[in-house]
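Colleague: Mind looking at a prediction? Sequence and model below.
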Amino acid sequence: MHKVAKLILVLFAFIFLGMQFVPTTAIPKASTKDGDPHMAEVINPQVGAILDRSCQDCHSSRTRLPWYSHVAPISWIVSKDVSEGRENLDFSEWRSQSDSGYERALICNAVSSGEMPLPEYTVIHRNAKLSKRDVELICGWAAASNAPMTSPQVGK
Ligand code: HEC
């Protein structure tokens with residue numbers, strides 16, 4: 001029995017090592033450009049801070065990648081989430097092109113339904129979980145800003 005356990009362990013070690021060589025789409029690069037502002041600077045600072053905290057890893061080029069995000073099979077999930085996340089919604093584009101009311105409505109929907117942030121993310125990033133108050137603030141902003149999006153902005 002002891003031998004079998006050892007064999008299984010070695011087998012798993014090989015599988016794990018093998019996983020590291022499975023080709024995957026690269027995780028989209030994080031931008032280190034200074035020109036890529038926090039959402040707190042782009043929209044209403046209070047709501048922007050929530051989006052920075054809970055969404056930017058997947059929905060902007062400010063993705064922070066801890067070491068384990070490069071280790072398969074986690075890297076497979078991360079590369080899929082970040083590329084699909086940015087494809088659907090990229091806050092980094094809001095610098096140059098204003099967000100649409102449609103996008104804001106989608107955001108309110110996604111957070112009210114609890115669909116976003118993704119549970120596979122909040123299970124590790126506990127502080128990314130949104131409180132009821134966070135959701136209210138986001139939806140309030142989403143509904144209010146039919147005016148130019150910069151209107152609630154302070155000091156800029
Ligand atoms: C772990 C990565 C991740 C995080 C964190 C995350 N998202 Fe997403 N988001 C995705 C992915 C992947 C998709 C596309 C697939 C899908 O809709 O499930 C997506 C899709 C969306 C969409 C489009 C939904 C639609 O119906 O078209 C919105 C809006 C959205 N996210 C908002 C947010 C907001 C707001 C936050 C923060 C509160 C957030 N997301 C956090 C990965 C993430």
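Modeller: Alright, I've got the coordinates. Since the model is a prediction, treat every value here as computed from it, not as a measurement.

Colleague: Flag every residue of the protein that's near the ligand.
Modeller: Within reach of the ligand by Cβ under 6 Å from any ligand atom, the chain has these residues: 54-55, 57-59, 81, 84-85, 88-89, 106-107, 110-111, 116-118, 121, 130. Backbone N, C-alpha and C define where each C-beta goes, glycine included.

Colleague: Of those, select the buried ones using a PyMOL command.
Modeller: Buried members of those, defined by 16 or more other Cβ atoms under 10 Å, are picked up in PyMOL with:
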select buried, resi 54+55+57+58+59+81+85+89+107+110+111+116+117+118+121+130
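
Colleague: taking the residues of the chain next to the ligand one by one, which sit in helices?
Modeller: Cross-referencing those against helices under DSSP state H gives 54, 57-59, 81, 84-85, 88, 106-107, 110-111, 121.

Colleague: In a markdown table, list those residues along with pLDDT.
Modeller: Converted to a markdown table, these look like this (pLDDT from 0 to 100):
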| residue | pLDDT |
| --- | --- |
| 54 | 97 |
| 57 | 95 |
| 58 | 96 |
| 59 | 95 |
| 81 | 96 |
| 84 | 96 |
| 85 | 96 |
| 88 | 94 |
| 106 | 95 |
| 107 | 96 |
| 110 | 98 |
| 111 | 98 |
| 121 | 97 |
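
Colleague: which one is the residue nearest the centre of the chain nearest to, not counting chain neighbours?
Modeller: For the chain, the residue nearest the mean C-alpha position is residue 58 (2.6 Å; Cα atoms, centre = their mean). Excluding the flanking residues, the one nearest residue 58 by Cβ to Cβ, 6 or more residues apart in numbering is residue 85, at 3.2 Å.

Colleague: By mean pLDDT, point me to the weakest helix or strand of this protein.
Modeller: helix 39-42 (a mean of 84; mean pLDDT, DSSP states H and E).

Colleague: which parts of it are buried?
Modeller: Using 16+ other Cβ under 10 Å as the burial criterion, the residues of helix 39-42 that qualify are 39-40, 42.

Colleague: which one of these is nearest the ligand?
Modeller: Of all the buried residues of helix 39-42, residue 39 has the smallest distance to the ligand: 10.0 Å, by Cβ to the nearest ligand atom.

Colleague: which residues touch the closest one?
Modeller: 47-49, 51-52, 56, 60, 91, 94 (Cβ atoms under 8 Å, 6 or more residues apart in numbering).
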